[in-house]
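Student: From the sequence below, what's the structure:
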Amino acid sequence: MPLREKEGTYMILQLDNIYKDYLTGKMVVPVLKDVTLHVEEGEYVAIMGPSGSGKSTLMNIIGCLDEPTKGTFLLNGKNVLGLSDNEIAEERLHNIGFVFQTFQLLPRQTALENVALPLVYAGISKKERKKRAAQALEKVGLGDRMSFLPTQLSGGQKQRVAIARAMVNNPKILLADEPTGALDSKSSVQVLELFQQLNEEGVTVIMITHDSGVAQHAKRVVYIFDGELSEKRG
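Tutor: Numbers count the residues shown, from 1 in each chain. Alright, predicted model coming up:
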């Protein structure tokens, strides 16, 4: 059963005693060390740390893109580590929207086609895909850019297309990896305002960043250094 720690709260994400090691030749390299992180539904959490701290590895585990070496991981009440590859793919598709620093847009697809892509994997009809993708682009202020290719968009517009794509399937969690890293200050502010708006609408936002200014937009900041997580700056 999903964990309810107090009345009215629901733990959408539970990482307990997570370790992640990589094998380099014959040497074991520890990257995450006894990480425990609980996130309530509707929270806006920033995970902040410098390059090489383990934050990207942690993001990959939260996003079900990688498995821990050991530990417990519950996503929306389900034990992720007990699922098959197909079941994990389904959890990713329906529960998590990804936003990356480099946008990850398909260059030959229009903004509308890029946003509709997750709906293709979800088996949604073409007519419904077009409708939902258009609504998602309207929501991020790009209703007049639907037929534009990525090369015709600014960095900030590309990231808003990426956010629309991340949210088009109505996931419970928005997972953003350095979402303002490739943007100018004005575009960064617009993207962070969009995250705040989505969070106010009930989306759980987990943002990975090295930038303290960006992290302060979240309602809660946790810090990662040398693979260890803390609620206090190291």
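Student: how about the strands in this protein?
Tutor: 11-24, 27-40, 44-48, 70-75, 78-79, 96-100, 173-177, 204-209, 220-225, 228-230 (DSSP state E).
Student: quick one: low-confidence ranges for the protein?
Tutor: For the chain, the stretches flagged by pLDDT under 70 are 1-8, 233-234.
Student: how about the helices in it?
Tutor: Counting by DSSP state H, the chain has helices at residues 55-62, 85-95, 111-121, 126-139, 155-167, 185-200, 212-215.
Student: Mind putting these into TSV with mean neighbour count?
Tutor: C-beta coordinates here come from the backbone N, C-alpha and C atoms, glycine included. Formatted as TSV, the helices of the chain follow (neighbours: other CB atoms under 10 Å):
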stretch	mean neighbour count
helix 55-62	21
helix 85-95	15
helix 111-121	21
helix 126-139	17
helix 155-167	24
helix 185-200	16
helix 212-215	16
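Student: Which of the ones you listed sits closest to Phe103?
Tutor: Closest to Phe103 of these is helix 155-167 (CB to CB; 4.5 Å).
Student: which residues sit against that closest one?
Tutor: Here helix 155-167 makes contact (CB atoms under 8 Å, 6 or more residues apart in numbering) with 97-100, 103-105, 111, 114-115, 117-118, 133, 136-137, 139-142, 145, 148, 150, 153, 174, 179-180, 182-184, 186-188, 190-191, 194-195, 198, 203.
Student: can you check stretch 112-132 too?
Tutor: So stretch 112-132 is contacted by 93-94, 97, 105-106, 109, 133-134, 136-137, 146-147, 150, 161-162, 164-165, 168-169 (CB under 8 Å, 6+ apart).
Student: cool, and stretch 170-181?
Tutor: 12-13, 41, 56, 59, 62-63, 76, 94-101, 159, 163, 166-167, 187-188, 191-192, 195, 198, 203-211, 214.
Student: end to end, how far does that stretch reach?
Tutor: 25 Å (CA to CA, to the nearest Å).
Student: So the spatially most central residue of the chain versus Leu153, what's the distance?
Tutor: With distances taken as CA atoms, centre = their mean, the residue of the chain nearest its centroid is Leu175 (1.0 Å). Here the distance between Leu175 and Leu153 works out to 22 Å (CB to CB, to the nearest Å).
Student: Same question for Lys172.
Tutor: Distance, Lys172 to Leu153, by CB to CB: 28 Å.
Student: Output the strands of the chain in a markdown table; the columns should cover distance to Ala89.
Tutor: As requested, the strands of the chain are exported to a markdown table (distance: least, CB to CB, whole Å):
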| stretch | distance to Ala89 |
| --- | --- |
| strand 11-24 | 18 |
| strand 27-40 | 22 |
| strand 44-48 | 24 |
| strand 70-75 | 13 |
| strand 78-79 | 13 |
| strand 96-100 | 11 |
| strand 173-177 | 15 |
| strand 204-209 | 20 |
| strand 220-225 | 27 |
| strand 228-230 | 27 |
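Student: related to what we said a few turns ago, would you list the helices of the chain in CSV and tack on distance to Lys70?
Tutor: Listed next are these as CSV, based on distance: least, CB to CB, whole Å:
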stretch, distance to Lys70
helix 55-62, 12
helix 85-95, 17
helix 111-121, 30
helix 126-139, 38
helix 155-167, 30
helix 185-200, 32
helix 212-215, 28
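Student: Asp226: which of the ones you listed is closest?
Tutor: Per CB to CB, nearest to Asp226 of those: helix 55-62, 11.2 Å.
Student: helices or strands up against that closest one?
Tutor: strand 11-24, strand 27-40, strand 44-48, strand 173-177, strand 204-209 (3 or more CB pairs under 8 Å, 6 or more residues apart in numbering; DSSP states H and E).
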